[in-house]
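Asks: Build me a model:
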Amino acid sequence: MERPSLEINLPNTPEEGKLYVVDSLNNLNKLTVCAEDSQHVLDEEDEHTGGTAAYTTWSNIRNQCLFVVTLILTLIVSLALVSFVIFLIIQTRNKMDQLSSRLISERKNIEELKKMNDVILKHLNQSGFKE
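Replies: Here you go, the predicted structure:
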């Protein structure tokens with residue numbers, strides 16, 4: 001590729017204008033040189049890695065595998081949490097059943113004590129003991 005000449009005749013341009021034009025040409029030359037160098041580096045990478053298509057394919061496969069592993073781990077953690085919640089619900093239900101049966105038996109005991117109290121009061125009233 002031919003390199004453009006940086007020597008340009010600018011006879012009627014003031015000094016600041018000449019500096020601006022030279023600076024612009026330098027910047028343009030740097031862009032052109034850098035673009036060629038970066039293309040050369042990319043070409044070398046393609047030769048060593050087999051091209052960017054292969055790298056992109058492996059990257060996509062790796063991302064998909066990572067996604068699947070993350071999904072599986074999330075599902076396992078969710079299953080563990082749901083199992084723990086079900087266990088807690090069952091335990092709470094068992095405790096409530098125990099408490100309910102205790103309350104029922106205590107109610108029966110209180111009713112029996114009331115009946116005994118009534119019988120004792122009737123017996124005391126019949127025997128003539130008054131307060």
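
Asks: can you pull out the strands in the protein?
Replies: Counting by DSSP state E, the chain has no strands to list.

Asks: Just the C-alphas of stretch 107-126, formatted as PDB.
Replies: Taking C-alpha atoms only, stretch 107-126 is exported to PDB below (Å, rounded to 0.1, in the frame of the first residue of the first chain):
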ATOM      1  CA  ARG A 107     -61.800 -29.600  79.200                       C
ATOM      2  CA  LYS A 108     -63.000 -33.100  80.100                       C
ATOM      3  CA  ASN A 109     -61.100 -32.900  83.400                       C
ATOM      4  CA  ILE A 110     -62.700 -29.500  84.200                       C
ATOM      5  CA  GLU A 111     -66.200 -30.800  83.400                       C
ATOM      6  CA  GLU A 112     -65.600 -33.800  85.700                       C
ATOM      7  CA  LEU A 113     -64.400 -31.400  88.400                       C
ATOM      8  CA  LYS A 114     -67.500 -29.300  88.000                       C
ATOM      9  CA  LYS A 115     -69.700 -32.400  88.300                       C
ATOM     10  CA  MET A 116     -67.900 -33.500  91.400                       C
ATOM     11  CA  ASN A 117     -68.200 -30.000  92.900                       C
ATOM     12  CA  ASP A 118     -72.000 -30.000  92.200                       C
ATOM     13  CA  VAL A 119     -72.300 -33.500  93.900                       C
ATOM     14  CA  ILE A 120     -70.300 -32.300  96.900                       C
ATOM     15  CA  LEU A 121     -72.500 -29.100  97.200                       C
ATOM     16  CA  LYS A 122     -75.700 -31.200  97.000                       C
ATOM     17  CA  HIS A 123     -74.400 -33.600  99.600                       C
ATOM     18  CA  LEU A 124     -73.400 -30.700 101.900                       C
ATOM     19  CA  ASN A 125     -76.800 -29.000 101.400                       C
ATOM     20  CA  GLN A 126     -78.600 -32.300 102.200                       C
END
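
Asks: Can you pull out the residues in contact with stretch 122-131?
Replies: Counting by C-beta atoms under 8 Å, 6 or more residues apart in numbering, stretch 122-131 makes contact with no residue outside itself. All C-beta atoms are positioned from the backbone trio N, CA, C, and that covers glycine.

Asks: where are the low-confidence patches of this structure?
Replies: For the chain, the stretches with pLDDT under 70 are 1-19, 32-54, 129-131.
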